[in-house]
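Student: Here's a sequence, model it:
(one chain, ligands or ions: 1)
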Amino acid sequence: MKKKPFVTLEKLKEITKEYPTPFHLYDEKGIRENAKALKEAFAWNKGYKEYFAVKATPNPYLIQILQEYGCGCDCSSLTELMMAKALGCKGDDIMFSSNATPANEYEYARKIGAIINLDDITHIDFLEKVTGSIPKKISCRYNPGGLFKISNDIMDNPGDAKYGMTTEQIFEAFKILKSKGAQEFGIHAFLASNTVTNDYYPTLAKVLFEVAVKLKEETGAKITFINLSGGIGIPYRPDQTANDIRVIGEGVRKVYEEVLVPAGMGDVALYTELGRFMMGPYGALVTTAIHEKHTYKEYIGCDACAANLMRPAMYGAYHHITVMGKEDAPCDHTYDVTGSLCENNDKFAIDRKLPKIEMGDLLFLHDAGAHGFSMGYNYNGKLRSAEILLKEDGSYQMIRRAEKPQDYFATFDCFPIYEKLTEDAEK
Ligand SMILES: *Cc1c(COP(=O)(O)O)cnc(C)c1O
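Tutor: Residues are numbered from 1 along each chain as shown. I've put the predicted structure just below:
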């Protein structure tokens, strides 16, 4: 399928007059329609709740949109918890799914009443020591080990992942937690990332539901929720087919009725912690072609770089590129599309077939709405870009300003050099 930008060239030109490139642009309409569809797909489950994985797109204005559809926040760090609290999330609206957790983060999570999802059996003692008690409601993260397969396809390698407890450990953990006063239990697992198949959640659900039934029988624990976590992917490539969330919801319902209902667990609430699926397609990195270079290859140099979107450099990830205004032009040129970092992996695309690019053309890098801006960094002293929300009515709003040199130097502000460092910065 052809990938179409969610914004027109005309609108982008209007935006770039006010906010220079590069910036991340988000599509309110797309975010809303998708959040609504997710909610409807799981409406059959009474306690269903999506905890948006804040790390994917930590912008309060975007998370506020999701809150209108009943979403809470899935956090795994102090600042993510602080953001959830600032957004008015209370108690059960926050899932704290962290790992290798620092003491102060458990303290803060308890203080604001977040549900704690323990990554490891040793964290029981740690949590108790640090916070003085074990909460009445608690969750454990499960890792069945081995390879995670759907039919014969290897989806991911949980046995090689740092997360979660082994089967033996989670049974032991439930017993210990119960003896320490826990009354309500949840289980969680994240076994494959960016899955582009409607079978991932139902397959994962079967694994989790079967363990839940055994846990209940063997430990007598009252399991009130099962958290399918993240992992529903998006079609980054134009030849991929998007997941159908209705089919996924129905697939999970079938397994729920097969496994949980007969075990007398038909009141268990299902939770999800989707990140990529909620925001990925509804954000783009917009950048301007500012250089062309003809050496052993053809290069287009952009005003954005890997510091604005790390996925291609980090994982060799594919992000589709539309040259705005040339949507229907033939892709008869082959380019490496690069940023300006002194790092040869700073390439948004390698040997990409694109229409002829002129200097000043606007490039729309698709599917940057999750794990895009948020993975940004300051290497080479590059500054983070602005984030802009394209609203349903066609107007737009800056929802995070671009970094300034003062921000980059801010951690020197207690040193005499700070004045010198910032004397040329626009005040
Ligand atoms: C990253 C993460 C998610 C979200 O993953 P997506 O691939 O964006 O859906 C959910 N839960 C936990 C614990 C995570 O670490």
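Student: and stretch 182-195, how far apart are its ends?
Tutor: 34 Å (Cα to Cα, to the nearest Å).
Student: and it, average pLDDT?
Tutor: Throughout stretch 182-195, pLDDT has a mean value of 97.
Student: For that stretch, list every residue counted as buried.
Tutor: For stretch 182-195, burial by neighbour count (16 or more other Cβ atoms under 10 Å) applies to A182, F185, G186, I187, H188, A189, F190, L191, A192, N194, T195. C-betas here are computed from N, CA, C, even on glycine.
Student: need the residues you listed in TSV with distance to the ligand and secondary structure, can you?
Tutor: Listed next are these as TSV, based on distance: Cβ to the nearest ligand atom, whole Å; DSSP: H, G, I helix; E, B strand; the rest coil:
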residue	distance to the ligand	secondary structure
A182	20	coil
F185	18	strand
G186	13	strand
I187	13	strand
H188	7	strand
A189	10	coil
F190	5	coil
L191	11	coil
A192	9	coil
N194	6	coil
T195	9	strand
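Student: Stretch 308-316 near the ligand at all?
Tutor: No: counting by Cβ under 6 Å from any ligand atom, the ligand is not contacted by stretch 308-316; separation bottoms out at 11.8 Å.
Student: Regarding G280, what is its secondary structure?
Tutor: helix (DSSP: H, G, I helix; E, B strand; the rest coil).
Student: pLDDT wise, what is it at?
Tutor: pLDDT for G280: 98.
Student: what does the one 10 residues further on give?
Tutor: In this prediction, I290 carries a pLDDT score of 98.
Student: And for K427?
Tutor: pLDDT, read off for K427, is 64.
Student: and what of M1?
Tutor: pLDDT for M1: 73.
Student: returning to that earlier point: how about the buried residues of stretch 182-195, which pair is most distant?
Tutor: Spatially, the most separated pair among the buried residues of stretch 182-195 is A182 and N194, at 33.0 Å (Cβ to Cβ).
Student: Can you give the domain ranges for this protein?
Tutor: For the chain, automatic domain parsing gives the domain ranges 27-280, 281-412.
Student: Same list, the ones you listed, but as CSV with distance to T8 please.
Tutor: Listed next are the domains of the chain as CSV, based on distance: least, Cβ to Cβ, whole Å:
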stretch, distance to T8
domain 27-280, 12
domain 281-412, 8
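Student: Can you confirm whether the helix or strand of the chain with the lowest mean pLDDT lies near the ligand?
Tutor: Lowest on mean pLDDT, DSSP states H and E among the helices and strands of the chain sits strand 153-156, with a mean of 90. No: Strand 153-156 lies apart from the ligand when judged by Cβ under 6 Å from any ligand atom; the minimum separation is 11.1 Å.
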